[in-house]
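The sequence isn't on hand, but the structure is:
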């Protein structure tokens, strides 16, 4: 891993040169008191003072809605227009925190398992992740409880860490990161002699993730799911802000009777219709079963099948929940569960 330093005065110049070179920049922007990822028109719009964005950055590779293919009836058959990757832009995602960068690993595991997902794979080939270490946190952050860190470089192509108020330590992690910095080498300086850990937020370990996973192995029929989900509304807010959730639905968008599109859109295992069968039977007919599915999927099924957890400790689900369900508190309860 190569280390450099960039003064704050040169950071915007670097990003402007990247943007002028033909790459779009997707970064945190604050509007109406809320900070979310947007395609930026000017690097002056980028926010770097937030604890966490409202939404994650996963939409750059897994959009909320996307067209998979189009169809049109023709004499003698149906004409299909397959997914077109030619117009996918090269994108630099700037300013995401390590928990967001790390989430692209479970997403890649889901969409790359068995038969690879073409839209996701094509988008990821055109994405460079420039992350920003966390110098502050809040009571809902728990990355250190799921083997993360406020300064982890996992998943990032470049990781920036603020050194005082004048500049950033730059850790160049991958070839994509080098390709983004080498053409503008004059803007970077030699890395300072600093202790990176002293520059990071202190995120306390809230629970033992190993103990949680051991407890879950025998908890399928536990009453804990009813207790924890008693106030869950099934609104899906937690899934829609999560950087690692990948549930989707596929719908038809007909344009009359002769043509249309097939659309993929975000979904949630917390919705009552998610597993409803055509027969009317629903194997997860009550909210406690859907809550159980959410936690088992992230902390049991994914680790066993994909060797990666479906949670990076960003805390967004707890921030977005309208009834104040705190995920790390629920996981702490599962850690001490007696099966």
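Noted; the coordinates are in hand. Given the structure is predicted, the values throughout are model-derived calculations rather than measurements.

longest helix in this protein, by residue count?
When the chain is parsed with DSSP state H, its longest helix is helix 98-112.

who's in contact with that helix?
Around helix 98-112, the neighbours that count as contacts under C-beta atoms under 8 Å, 6 or more residues apart in numbering are 53, 56-58, 61-62, 117, 120-121, 124, 129, 131, 133-134, 141, 143, 148-156, 159, 243-244, 246, 302, 306-310, 312-314. In this view, the C-beta of every residue, glycine as well, is placed from N, C-alpha and C.

Distance check, the nearest residue to residue 174 once chain neighbours are set aside against residue 183.
Excluding the flanking residues, the one nearest residue 174 by C-beta to C-beta, 6 or more residues apart in numbering is residue 157, at 4.5 Å. Distance of residue 157 to residue 183, computed by C-beta to C-beta, to the nearest Å: 15 Å.

between these two, who's got more neighbours?
residue 157 (24 against 13; other C-beta atoms under 10 Å).

before we move on, back to that, for the residue nearest to residue 174, phi and psi?
phi -90, psi -30 (degrees, to the nearest 10).

follow-up on the earlier one: narrow the contacts of helix 98-112 to just the buried residues.
53, 56-58, 61-62, 117, 120, 124, 129, 131, 133-134, 141, 143, 148-156, 159, 243-244, 246, 302, 306, 308-310, 312-314 (16 or more other C-beta atoms under 10 Å).

quick one: which of those sit in helices?
Members of the buried ones among the contacts of helix 98-112 lying in helices (criterion: DSSP H): 120, 124, 302, 306.

Mind telling me the two of the residues you listed farthest from one another?
124 and 302 (18.2 Å; C-beta to C-beta).

Can you pull up the most central residue in this protein?
Residue closest to the mean C-alpha point of the chain, counted by C-alpha atoms, centre = their mean, is residue 243 at 2.3 Å.

where does that residue land on pLDDT?
Looking at residue 243, its pLDDT reads 97.

One more: residue 145?
Looking at residue 145, its pLDDT stands at 98.

What residues does it make contact with?
Counting by C-beta under 8 Å, 6+ apart, residue 145 has contacts 205, 206, 207, 208, 209, 313, 328, 331.

Just to check, the fourth one is in contact with residue 334?
No - Residue 208 lies out of contact with residue 334 (C-beta atoms under 8 Å); the separation is 10.4 Å.

Comparing these two, which residue is more hemmed in?
For residue 208 versus residue 334, neighbours defined as other C-beta under 10 Å are more numerous around residue 334 (21 against 15).

Now do the contacts for the more buried one.
212, 215, 216, 219, 224, 295.

Okay, and which of those map to helices?
Those of the contacts of residue 334 lying in helices (DSSP H): 212, 215, 216, 224, 295.

Looks like the second one contacts residue 337 (just checking).
The reference is to residue 215. Yes - judged on C-beta under 8 Å, residue 215 makes contact with residue 337 at a distance of 4.4 Å.

Between these two, which has more neighbouring residues?
residue 215 (22 against 15).

Near the closest residue to residue 257 other than its chain neighbours, how many other residues are there?
The shortest distance from residue 257 to any non-neighbouring residue, by C-beta to C-beta, 6+ apart, is to residue 73 (7.7 Å). As a burial measure, residue 73 scores 13 neighbours (other C-beta under 10 Å).

so where does residue 73 fall, helix or strand?
Residue 73 belongs to strand 65-74 when elements are defined using DSSP states H and E.
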